[in-house]
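Peer 1: how would this look folded up:
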Amino acid sequence: MSSQLMDRWRVLTGPGADRLGADLIARYGEPHRRYHTAAHLEAVLDHVDTLAGYADDADLVRLAAWFHDAVYDPRRGDNEERSARMAERALPELGLPSSAVAAVARLVRLTVTHAPETGDADGAVLCDADLAILAAPPEIYAAYAAAVREEYAFVPDEAFRTGRAAVLRSLLDLPVLFHSAGASGWEEPARENMRGELDHL
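Peer 2: Below is the predicted model:
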């Protein structure tokens with residue numbers, strides 16, 4: 001998978017960025033990750049490709065996808081901010097203009113809430129790609145939920161159930177989960193999956 005990811009990175013960035021690409025791939029391979037892995041990154045990139053026609057700048061969305069979980073520690077609550085700052089440090093070295101760097105960092109920070117503003121086409125595509133797992137077939141969703149539990153293995157069962165239920169309810173309380181027209185069919189399967197998980201917690 002890492003060689004496929006590196007190929008995708010090279011297509012996106014061109015020559016001369018292999019060191020950064022290898023660093024990002026290594027981060028997604030950290031041993032404490034069970035869901036936020038290279039497989040998740042690849043899935044998000046696949047979904048961005050599916051929704052690319054709805055984005056204003058699909059390549060900036062792809063760059064944001066690469067960075068959106070670059071820093072991931074389940075014991076901390078500032079992973080998205082730290083990932084955005086990493087993008088702000090690293091991307092100028094690739095020759096990206098400051099406006100593009102700022103756009104990528106903004107998109108990464110948006111994955112805190114997954115609530116893009118109306119008209120934010122790039123934000124909608126990234127958020128939808130990141131949350132697409134919620135609309136997966138039930139067996140794939142169940143594997144995702146189990147992997148999330150493994151990432152939080154340090155949390156006692158009762159505390160995890162309480163925290164996870166709060167996350168699911170906050171998502172279910174959103175007026176819509178998916179914002180791009182290309183993801184319009186994902187809404188009800190996602191809500192069904194989450195309601196099912198809540199029933200089992």
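
Peer 1: and the closest residue to Arg169 other than its chain neighbours, how far is that from Thr162?
Peer 2: Nearest residue to Arg169, sequence neighbours excluded (C-beta to C-beta, 6 or more residues apart in numbering): Leu198, at 7.3 Å. Heads up, the C-betas are built off the backbone N, CA and C, glycines and all. Leu198 sits at a distance of 12 Å from Thr162 (criterion: C-beta to C-beta, to the nearest Å).

Peer 1: Same check on Asp130?
Peer 2: Taken as C-beta to C-beta, the span from Asp130 to Thr162 is 24 Å.

Peer 1: What is the burial count for the closest residue to Leu110 other than its chain neighbours?
Peer 2: Leaving aside its sequence neighbours, Leu110 sits nearest to Gly123 (C-beta to C-beta, 6+ apart; 5.0 Å). Close neighbours of Gly123, defined as other C-beta atoms under 10 Å, add up to 26.

Peer 1: So Gly123: helix, strand or coil?
Peer 2: Secondary structure, DSSP: H, G, I helix; E, B strand; the rest coil: Gly123 is helix.

Peer 1: for Arg33, same thing?
Peer 2: coil.

Peer 1: on that earlier part again, neighbour count: Asp130 and Thr162, which is higher?
Peer 2: Higher neighbour count among Asp130 and Thr162: Asp130, with 21 against 12, using other C-beta under 10 Å.
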